[in-house]
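Trainee: no sequence for this one, just the structure:
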Ligand SMILES: [Zn+2]
């Protein structure tokens with residue numbers, strides 16, 4: 001990365017991690033550090049730690065960690081250079097010109113240009129005889145010409161290389177089109193269009209750039225949809241379809257299942273409709289929603305999949321405090337069908353009669369038990385208590401009152417059942433969170449530095465030594481004089497050690513934020529973790545020598561496991577260490 005050291009140094013100085021992170025996470029001071037609920041995974045007890053002294057963070061729940069640049073990369077979903085730009089503009093700093101000219105950013109620009117040209121191409125097909133089939137399809141759905149233009153709808157012709165040919169004639173290269181998920185390389189080396197004979201719906205981001213496409217079949221063939229997969233310009237989890245229109249309609253969004261529902265709602269006069277392009281509701285998407293809305297109406301299909309999506313969305317949105325309502329479309333219709341048949345006014349009534357999250361849950365639960373029998377009521381109440389156990393005291397009081405009337409059971413008895421359920425739930429949750437945290441931590445370690453598992457003692461000595469060296473760079477030359485990088489047992493630690501020696505010899509600063517350009521996010525988290533673990537240790541040169549000895553012993557073990565990979569001088573080293581060890585034992 002070509003950014004000058006002095007620039008990054010100033011960038012980090014002007015963006016201290018505490019003030020940057022606190023605009024995303026609310027944190028409490030605990031000793032020298034701050035703790036809060038992690039913005040990178042859902043949790044009830046805080047495991048997100050911020051360390052102002054080392055300008056770093058680490059989450060013990062999900063293993064996210066690193067410096068301020070890594071934090072912005074993750075939370076804003078940016079690559080390194082864009083995260084640097086983000087922080088630069090936050091601090092009012094100018095980025096030196098030539099550094100903006102980064103290969104990845106350039107490819108991303110080309111993808112956006114190719115997408116825009118492709119969108120124009122698809123739209124223009126509608127006025128050709130071959131595109132008639134798609135135009136008829138849109139008309140059958142009741143879309144007006146204005147709607148078709150507004151959304152830039154189009155048609156991908158029923159041919160193998162029409163789009164590719166067109167875009168190449170406009171100067172785009174095959175690599176760019178493949179990176180944009182517009183064409184693919186065929187088995188014979190040629191190129192073919194990914195979208196063929198489909199109704200094309202451009203996906204436009206909030207800045208107005210075409211970032212991807214949804215392509216729907218015009219008949220009943222499969223797959224019904226082909227969507228742009230992850231590209232440099234598009235990530236499904238960070239996108240809401242039609243947010244470019246909906247964002248300026250106020251702080252209320254109507255979240256639907258698919259493109260077609262959204263388009264129908266916009267045409268019917270509900271321009272705040274958006275679609276999530278999936279039913280997983282990852283955290284980036286939830287953050288995106290909460291950036292633009294205080295109120296969300298969920299309107300998914302009435303089928304099993306739609307109900308599942310509703311529950312997932314309710315769960316995902318719950319921690320945000322957004323007011324969520326669930327709209328149930330009668331007769332098992334999807335919103336698009338309902339509006340076509342009954343008109344917008346009836347739909348507005350549905351919106352007004354939407355149930356809140358709790359009402360929706362209790363209603364779905366009520367469908368499952370026969371409330372006219374004593375058994376049915378007992379079982380229903382037990383399940384309802386579990387649901388209410390997750391809500392506020394005020395909600396519990398209100399719904400206990402309602403249930404008491406509906407089921408002729410005393411309110412006190414219901415409240416007591418809720419309290420019991422809440423107690424059980426809390427205990428269970430704590431257990432789950434702990435075991436998840438332990439498991440997560442192990443998974444991350446294994447992934448980032450897999451050899452640590454095979455050589456745990458040596459790996460842990462390496463990590464302590466590296467952590468201490470990062471905290472006290474004056475130790476680096478002393479350690480370097482007696483320990484070479486190839487003596488390290490695990491490869492990530494070896495790379496980090498070599499990296500430290502190199503920076504030191506070039507007179508560069510040894511601080512986490514400078515590492516972010518050279519290590520990926522997982523490694524940054526790993527490194528942060530070792531620095532934090534080393535921070536609380538008193539450290540002398542004798543300790544260092546002890547760790548160096550353990551690393552050498554580890555090298556012996558590694559050598560015995562993979563003798564064929566050894567160099568002659570390494571074998572000498574190993575024999576010497578083994579002799580030392582034997583002598584020590586003899587004494
Ligand atoms: Zn976390």
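Mentor: On my side now, so go ahead. Quick caveat: nothing in here was measured; it's all calculated off a predicted structure.
Trainee: how far away is residue 135 from residue 155?
Mentor: 8 Å (Cβ to Cβ, to the nearest Å). C-beta here means a position set from N, CA and C on the backbone, and glycine is covered the same way.
Trainee: check the burial of the residue of the stretch 101-250 of the chain found nearest the ion by counting its neighbours.
Mentor: The nearest approach of the stretch 101-250 of the chain to the ion comes at residue 237, 16.3 Å away (Cβ to the ion). Residue 237 has 17 neighbouring residues, counting by other Cβ atoms under 10 Å.
Trainee: residues in contact with it?
Mentor: 278, 280, 282, 284, 285 (Cβ atoms under 8 Å, 6 or more residues apart in numbering).
Trainee: excluding sequence neighbours, find me the nearest residue to the first one.
Mentor: So that's residue 278. residue 236 (5.7 Å; Cβ to Cβ, 6 or more residues apart in numbering).
Trainee: do residue 70 as well
Mentor: Using Cβ to Cβ, 6+ apart and skipping residues adjacent in sequence, the residue nearest residue 70 is residue 524, 4.7 Å away.
Trainee: which strands and helices lie in contact with the helix or strand where residue 425 lies?
Mentor: Residue 425 belongs to helix 411-448 when elements are defined using DSSP states H and E. Helix 411-448 sits against helix 374-388, helix 393-407, helix 451-454, helix 521-535, with contacts defined as 3 or more Cβ pairs under 8 Å, 6 or more residues apart in numbering; DSSP states H and E.
Trainee: picking that back up, pretty sure the residue nearest to residue 70 contacts residue 66?
Mentor: Yes: if you go by Cβ atoms under 8 Å, residue 524 and residue 66 touch, sitting 3.5 Å apart.
Trainee: hang on, the earlier thing: the ion is nearest to which of the helices and strands packed on helix 411-448?
Mentor: Comparing the helices and strands packed on helix 411-448 against the ion with Cβ to the ion, the closest turns out to be helix 521-535 (10.0 Å).
Trainee: domain assignment for the protein?
Mentor: Residue ranges for the domains of the chain, per automatic domain parsing: 5-76, 103-229, 243-359, 368-431, 451-586.
Trainee: ok, which of the ones you listed comes nearest residue 84?
Mentor: Closest to residue 84 of these is domain 5-76 (Cβ to Cβ; 6.4 Å).
Trainee: pLDDT on that closest one, on average?
Mentor: The pLDDT scores in domain 5-76 average 88.
Trainee: would that domain count as contacting the ion?
Mentor: Yes: contact of domain 5-76 with the ion (Cβ under 5 Å from the ion) involves 38, 40, 41, 59, 61, 62, 64.
Trainee: from those residues, pick the one nearest residue 424.
Mentor: Looking across the residues of domain 5-76 next to the ion and measuring by Cβ to Cβ, the closest to residue 424 is residue 61, at 22.0 Å.
Trainee: what's the local residue count around the closest one?
Mentor: Here the number of neighbours of residue 61 (other Cβ under 10 Å) works out to 21.
Trainee: next up, the contacts around residue 229.
Mentor: By Cβ under 8 Å, 6+ apart, the contact set of residue 229 is 181, 236.
Trainee: so what does it have for phi and psi?
Mentor: In terms of degrees, to the nearest 10, the main-chain angles of residue 229 are phi -90, psi 180.
Trainee: now do residue 156
Mentor: When read as degrees, to the nearest 10, the backbone of residue 156 gives phi -90, psi 120.
Trainee: excluding covalently adjacent residues, which one is nearest to it?
Mentor: residue 195 is the one closest to residue 156 (Cβ to Cβ, 6+ apart), at 3.9 Å.
Trainee: gap between the one you found and residue 201?
Mentor: The value you get for residue 195 to residue 201, if Cβ to Cβ is used, is 10 Å.
Trainee: pull up the overlap in contacts between residue 524 and residue 66.
Mentor: In contact with both residue 524 and residue 66: 512, 516, using Cβ under 8 Å, 6+ apart.
Trainee: so between those two, which is more surrounded?
Mentor: Between residue 524 and residue 66, residue 66 has the larger neighbour count (other Cβ under 10 Å), namely 30 against 27.
Trainee: can you give me the helices for the stretch 1-150 of the chain?
Mentor: 5-14, 17-22, 68-75, 80-90, 97-100, 103-125, 132-140, 145-151 (DSSP state H, counting those that start in this stretch).
Trainee: in the second one, what's buried?
Mentor: So the one you mean is helix 17-22. 17, 18, 20, 21 (16 or more other Cβ atoms under 10 Å).
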